[in-house]
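>>> need a 3D model of the following:
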Amino acid sequence: MAKGQKNIAQTVSALILPTVNDLGYSLWDVEYVKEGASFYLRITIDCQEGVSIDDCEKVHRAIEPILDSEDPIEGSYYLEVSSPGIERVLRTEEHFVAMSGETVVLHLFTAVNGKKIFKGKLLGVDETTNNIVLEENGTEIEFSPRSIARAHLYYDFDQAMKNINTETTEDEEE
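Predicted coordinates for the structure are as follows:
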């Protein structure tokens, strides 16, 4: 995200945060990006109970008048409100702290020990160095946040399908 786009995201975040929180959601992320010829303002919300399409619509309707009134973005853009999803992207220190204990995938800009992709248990953020700490195959590895090109939660779809198939088979046997 370009510097100007980052500033827009920060400004929008500050404008809509109270409203999003008042509605009972947390603001997971705000992203302002150009894709092709169009600009997109992506608002990602979260909640303990999960986020439905109705929740996204509710937040969209609540923040749209604020954005229209304050007009923090020059020109036209598409406003999107969504949930972070099952393989949510981790961008901020708060994201990494919140997801400690979960399995994550880190994609690095530059290879470390011949690898650019690491998958393991997120142990958190080192308070002294602010490095992201990951346990992969029993080994703790620290990564500078600047070395991470992309990070997201890992969801084992194959294991989930096996669990569903096992549950279905057990139900049929009863």
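>>> rest of the way, CA atoms for contacts and neighbours
Will do.
>>> who are the neighbours in contact with Arg88?
His152, Leu153 (Cα atoms under 8 Å, 6 or more residues apart in numbering).
>>> could you measure it against Asp55, distance?
17 Å (Cα to Cα, to the nearest Å).
>>> with Ser38 instead?
Between Ser38 and Asp55 the computed distance is 25 Å (Cα to Cα).
>>> same thing with Tyr25?
Taken as Cα to Cα, the span from Tyr25 to Asp55 is 9 Å.
>>> then Gly138?
In terms of Cα to Cα, Gly138 sits 39 Å off from Asp55.
>>> what about those two, which has more around it?
Higher neighbour count among Gly138 and Asp55: Asp55, with 20 against 9, using other Cα atoms under 10 Å.
>>> which helix or strand contains Cys56?
helix 53-70 (DSSP states H and E).
>>> and the contacts of that helix?
Contact with helix 53-70 is made by Val12, Leu15, Ile16, Thr19, Val20, Leu23, Ile45, Leu79, Glu80, Val81, Ser82, Ser83, as judged by Cα under 8 Å, 6+ apart.
>>> how far is that helix from where the chain is centred?
19 Å (Cα atoms, centre = their mean, to the nearest Å).
>>> could you dump it to PDB, C-alpha only?
Taking Å, rounded to 0.1, in the frame of the first residue of the first chain, the C-alpha atoms of helix 53-70 are listed here in PDB:
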ATOM      1  CA  ILE A  53     -23.600 -10.900   5.400                       C
ATOM      2  CA  ASP A  54     -26.300  -9.100   7.400                       C
ATOM      3  CA  ASP A  55     -23.600  -7.800   9.800                       C
ATOM      4  CA  CYS A  56     -21.600  -6.500   6.900                       C
ATOM      5  CA  GLU A  57     -24.600  -4.800   5.500                       C
ATOM      6  CA  LYS A  58     -25.400  -3.200   8.900                       C
ATOM      7  CA  VAL A  59     -21.900  -1.800   9.200                       C
ATOM      8  CA  HIS A  60     -21.900  -0.600   5.600                       C
ATOM      9  CA  ARG A  61     -25.100   1.300   6.100                       C
ATOM     10  CA  ALA A  62     -23.800   2.800   9.300                       C
ATOM     11  CA  ILE A  63     -20.400   4.000   8.100                       C
ATOM     12  CA  GLU A  64     -21.400   5.100   4.600                       C
ATOM     13  CA  PRO A  65     -23.000   8.400   5.800                       C
ATOM     14  CA  ILE A  66     -19.900   9.100   7.900                       C
ATOM     15  CA  LEU A  67     -17.600   8.700   5.000                       C
ATOM     16  CA  ASP A  68     -19.900  10.700   2.700                       C
ATOM     17  CA  SER A  69     -20.100  13.500   5.300                       C
ATOM     18  CA  GLU A  70     -16.400  13.600   6.200                       C
END
